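[1] sequence? don't have it. structure:
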């Protein structure tokens with residue numbers, strides 16, 4: 001079952017269960033997929049749908065930071081609930097220790113030893129661990145390893 005099909009099936013289940021947060025979050029995700037289909041003039045592929053979901057999670061994390069600065073904990077909890085719904089459709093996130101091991105392996109494999117080559121390391125790490133690792137954490141780990 002594709003990711004888009006899973007979203008549709010889960011939307012129906014959420015509607016039956018009257019789960020408002022799940023229903024609204026999945027509707028938002030499906031809308032993003034439909035906009036992408038219009039923009040691409042074809043149905044998005046699985047990796048493209050995954051990218052869309054990752055983008056939506058990132059938007060919510062950024063919103064959480066802004067809401068916390070504005071002392072709007074009610075909005076923070078709403079965004080966190082939406083993130084929990086979206087994370088059901090994403091690959092399991094790697095721990096920081098797993099990211100350290102993965103970045104070390106990639107650096108050794110590519111022979112990267114200096115901070116000047118960090119861009120190459122980041123590009124390769126994000127390609128290999130797409131959706132499994134947060135870019136911010138990968139960047140921190142790469143910077144620590146190359147310093």
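    Alright, I've got the coordinates. Quantities reported herein were computed from a predicted structural model and do not represent experimental measurements. Numbers count the residues shown, from 1 in each chain.
[2] and the chain, what are its domains?
    For the chain, the structural domains run 3-87, 96-146, going by automatic domain parsing.
[3] pretty sure residue 1 is touching residue 9, no?
    Yes. Counting by Cβ atoms under 8 Å, residue 1 does reach residue 9; the two are 7.4 Å apart. (Each C-beta comes from the backbone N, C-alpha and C, glycine too.)
[4] Show me what the lengthiest helix in the chain is packed against.
    Across the chain, the longest stretch assigned as helix under DSSP state H is helix 46-69. Contacts defined by 3 or more Cβ pairs under 8 Å, 6 or more residues apart in numbering; DSSP states H and E place helix 46-69 against helix 3-17, helix 20-40, helix 73-87.
[5] Generate a markdown table for the ones you listed, with distance to residue 125, mean pLDDT and mean neighbour count as supplementary columns.
    Compiled in a markdown table, the helices and strands packed on helix 46-69 are given as follows (distance: least, Cβ to Cβ, whole Å; pLDDT from 0 to 100; neighbours: other Cβ atoms under 10 Å):
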| stretch | distance to residue 125 | mean pLDDT | mean neighbour count |
| --- | --- | --- | --- |
| helix 3-17 | 23 | 94 | 15 |
| helix 20-40 | 25 | 95 | 16 |
| helix 73-87 | 21 | 94 | 15 |
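[6] got these as a markdown table, with distance to residue 104 columns?
    Shown next, in a markdown table, are the helices and strands packed on helix 46-69 (distance: least, Cβ to Cβ, whole Å):
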| stretch | distance to residue 104 |
| --- | --- |
| helix 3-17 | 31 |
| helix 20-40 | 34 |
| helix 73-87 | 26 |
